[in-house]
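S.K.: structural data only, the sequence is not supplied:
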């Protein structure tokens, strides 16, 4: 194996250990700041995690029937640019980025019908496909969370990126009977902030008919 390959593997191994340690630290923090307190902070638009003040604003996604409380540091990418870059027939995409901290938050709504009861099965199937394609990723955790109003499937991994090693949270859900997928990607040093924030964003979503 080439030295470069060895170096990448060492970085991945170190990142996995750091990620697991950060997950344990985040769990310990929940003993001081409960999950419901995190959700409450997100609902009210202000939350402090690990000394970082996060302000959030509800953002309409594909109309006013689906709102997500997104951190104000995220800037939306113009939809015309997304269509030009991806050109996916029948798919509606939305993306937000924080260029300073290297964070991306993307959503795709497909024409594929999906009921909430099918979220976990299709989430597992899509993750298996990604595991075949992304050989350089280390897959850490899968989980289905039954919230109100959304059922969320999460698949978490560590992947090489242009900034080094990134933590990636892939998710699947059903909104108005349609399949919605997406991912949040951020540097490892943002794990203790963006992992709980990502989950709170969807647990505090507003969906209206």
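M.R.: Arrived safely. Predicted model only: the values in this text are computed from it and were never measured. Numbering: from 1, shown residues only.
S.K.: what's across from the most centrally placed residue in the chain in the sheet?
M.R.: Central residue of the chain (CA atoms, centre = their mean): residue 184, 3.1 Å from the mean position. Counting by DSSP bridges, residue 184 forms beta bridges with residue 105, residue 169.
S.K.: go ahead and confirm it touches residue 200.
M.R.: No. Using CB atoms under 8 Å, residue 184 makes no contact with residue 200, being 11.8 Å away. C-beta here means a position set from N, CA and C on the backbone, and glycine is covered the same way.
S.K.: which one is residue 138 nearest to, not counting chain neighbours?
M.R.: residue 158 (4.7 Å; CB to CB, 6 or more residues apart in numbering).
S.K.: could you give the bridge partners of that neighbour?
M.R.: Under DSSP bridges, the beta-bridge partners of residue 158 are residue 138, residue 167.
S.K.: report how many residues lie close to residue 206.
M.R.: Residues lying near residue 206 (other CB atoms under 10 Å) number 14.
S.K.: let me see the contact set for it.
M.R.: By CB atoms under 8 Å, 6 or more residues apart in numbering, residue 206 lies in contact with 58, 66, 67, 149.
S.K.: how about the helices in the chain?
M.R.: Per DSSP state H, the chain carries helices over the ranges 3-32, 35-44, 79-86, 119-133, 191-203.
S.K.: and the second one with helix 191-203, angle?
M.R.: What separates the directions of helix 35-44 and helix 191-203 is an angle of 70 degrees, with axes from the mean of the first three to the mean of the last three CA atoms, to 10 degrees.
S.K.: do the fourth one as well
M.R.: Direction vectors for helix 119-133 and helix 191-203, defined by the same axes, to 10 degrees, enclose an angle of 140 degrees.
S.K.: what does helix 119-133 rub up against?
M.R.: 114, 137, 139, 142, 144, 151-155, 170-174, 179, 181.
S.K.: so for it, what gets flagged as buried?
M.R.: With burial defined by 16 or more other CB atoms under 10 Å, the residues of helix 119-133 counted as buried are 119, 120, 122, 123, 126, 127, 130.
S.K.: how about those in CSV, adding pLDDT and distance to residue 100?
M.R.: Shown next, in CSV, are these (pLDDT from 0 to 100; distance: CB to CB, whole Å):
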residue, pLDDT, distance to residue 100
119, 98, 33
120, 98, 35
122, 98, 34
123, 98, 31
126, 97, 30
127, 97, 30
130, 95, 28
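S.K.: rewinding a little: the contacts of helix 119-133, buried ones only, as a ChimeraX selection?
M.R.: Remark: buried members of the contacts of helix 119-133, expressed as a ChimeraX selection using 16+ other CB under 10 Å:
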select :114,137,139,151,152,153,154,155,170,171,172,173,174,179,181
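S.K.: let me know the pLDDT of residue 34.
M.R.: With respect to pLDDT, residue 34 scores 86.
S.K.: quick check: phi and psi at it.
M.R.: The phi and psi values for residue 34, taken as degrees, to the nearest 10, are phi -70, psi 160.
S.K.: report the separation between it and residue 174.
M.R.: 27 Å (CB to CB, to the nearest Å).
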